[in-house]
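Student: Only the shape, not the letters, is given here:
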Ligand code: SAH
Ligand code: DHB
Ligand code: MG
């Protein structure tokens, strides 16, 4: 029996709304945050310090932070690599998911961002777990591969978007079967659906999505996420 096509034409629910409702999305994000992400003085101080140091407010959202934390917990991660530190907000979420003898390496190009992140991680009591490595992330990853660095359990890609496909290739060389690779900003307001996105960040994210979707070494999905804008993350597992 065919499915009744009328079933999908109902207009009295939110799933079938023809346009994206920013205000509703923000309310849903706040609702989820109020339920699942209690306010936390360490994380609030992290953001306040990053603002005071003039860093751009482009850290992951609280709900995304909780999602990263949970992914690391579910993966039973002991070793995490982060590409793009900023003030160490996502770093804090990820480092908190690790055991006390766990290790997190986070790669940051900007010395000013790195100094701010180190201060924040020290204040959070995470300096023994999380190390900020200053330099171009591609160079740092190549150096780790060269040095025979042990594979990571989870790798979070969140630096320059045009570099995402390169970071994916390097991340795979720092992975083992079961490693989880997560990438932020893979939807960019839907701009990744353009055939050739004008915006270089959207173009980089689009190339990343295409790469993980077609890579036979990975099983992957992308999830839309809402806050002030619509964006999303990609999650992959190395086969
Ligand atoms: N993960 C952070 C946000 C990172 S923002 C959080 O959610 O809290 C992106 C960061 O990547 C910026 O700090 C930027 O300086 C850094 N970055 C940009 N290009 C880079 C590169 N080539 N190598 C390393 N870091 C880079
Ligand atoms: C932006 C957001 C991000 O999460 C990021 O990593 C880089 C840039 C932005 O909205 O510009
Ligand atoms: Mg990001």
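Tutor: Perfect, I can see it now. The structure presented is a predicted model; accordingly, all values stated were derived computationally and were not measured. Ligands and ions are numbered 1, 2, ... in the order given.
Student: who in the chain is up against ligand 2?
Tutor: 58, 158, 184, 185 (C-beta under 6 Å from any ligand atom). (Glycine included, C-beta is placed from N, CA and C.)
Student: The same query, at a cut-off of 5 Å, please.
Tutor: Contact residues (C-beta under 5 Å from any ligand atom) of the chain with ligand 2: 58, 158, 185.
Student: possible to save those residues as CSV with distance to residue 25 and neighbour count?
Tutor: Formatted as CSV, the residues of the chain next to ligand 2 follow (distance: C-beta to C-beta, whole Å; neighbours: other C-beta atoms under 10 Å):
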residue, distance to residue 25, neighbour count
58, 18, 13
158, 21, 27
185, 16, 23
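Student: Nearest the geometric middle of the protein, what residue?
Tutor: Centrality entry for the chain: nearest residue to the mean C-alpha point is residue 184, 3.7 Å, by C-alpha atoms, centre = their mean.
Student: which residues sit in contact with that one?
Tutor: Residue 184 is in contact with 60, 64, 90, 156, 157, 158, 231, 233, counting by C-beta atoms under 8 Å, 6 or more residues apart in numbering.
Student: any residue of the helix or strand hosting residue 141 up close to ligand 1?
Tutor: In this structure, residue 141 sits in helix 137-146 according to DSSP states H and E. Yes: if you take C-beta under 5 Å from any ligand atom as the test, helix 137-146 does meet ligand 1, through residue 137.
Student: Strands along this protein, start to end?
Tutor: Under the criterion DSSP state E, the chain contains strands at 79-83, 103-108, 130-134, 154-157, 180-184, 218-226, 230-238.
Student: what's the closest of those strands to residue 51?
Tutor: Residue 51 lies closest to strand 103-108 among the strands of the chain, at 17.4 Å (C-beta to C-beta).
Student: before we move on, the earlier item: show me which of the residues of the chain next to ligand 2 neighbour ligand 3.
Tutor: Near ligand 3, judged by C-beta under 5 Å from the ion, the entries from the residues of the chain next to ligand 2 are 158, 185.
Student: Now tabulate the residues of the chain next to ligand 2 in TSV and tack on distance to residue 104.
Tutor: Compiled in TSV, these are given as follows (distance: C-beta to C-beta, whole Å):
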residue	distance to residue 104
58	20
158	13
185	20
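Student: Let's see which of the residues of the chain next to ligand 2 end up in helices.
Tutor: Using DSSP state H, the subset of the residues of the chain next to ligand 2 located in helices is empty.
Student: ok, residue 171 touching residue 82?
Tutor: No: taking contacts as C-beta atoms under 8 Å, residue 171 lies outside contact range of residue 82: 10.9 Å.
Student: Mind checking which of the two has more residues around it?
Tutor: Shown here are residue 171 and residue 82; by other C-beta atoms under 10 Å, residue 82 has more neighbours (30 against 23).
Student: Check what pLDDT the nearest residue to the more buried one once chain neighbours are set aside gets.
Tutor: Distances taken as C-beta to C-beta, 6 or more residues apart in numbering place residue 106 nearest to residue 82, at 3.9 Å, with adjacent residues excluded. pLDDT recorded at residue 106 is 99.
Student: unless I'm mixing things up, residue 106 is touching residue 93, no?
Tutor: No: look at residue 106 against residue 93 with C-beta under 8 Å: they stay out of range, at 11.6 Å.
Student: Could you pull out the helices in the protein for me?
Tutor: 22-36, 41-52, 62-74, 89-96, 111-123, 137-146, 164-173, 200-214.
Student: quick check: angle from the fifth one to strand 79-83?
Tutor: In this case it means helix 111-123. Inter-element angle recorded for helix 111-123 and strand 79-83: 150 degrees (by axes from the mean of the first three to the mean of the last three C-alpha atoms, to 10 degrees).
Student: what about helix 111-123 and ligand 1, touching?
Tutor: Yes: applying C-beta under 5 Å from any ligand atom, one finds helix 111-123 touching ligand 1 at residue 113.
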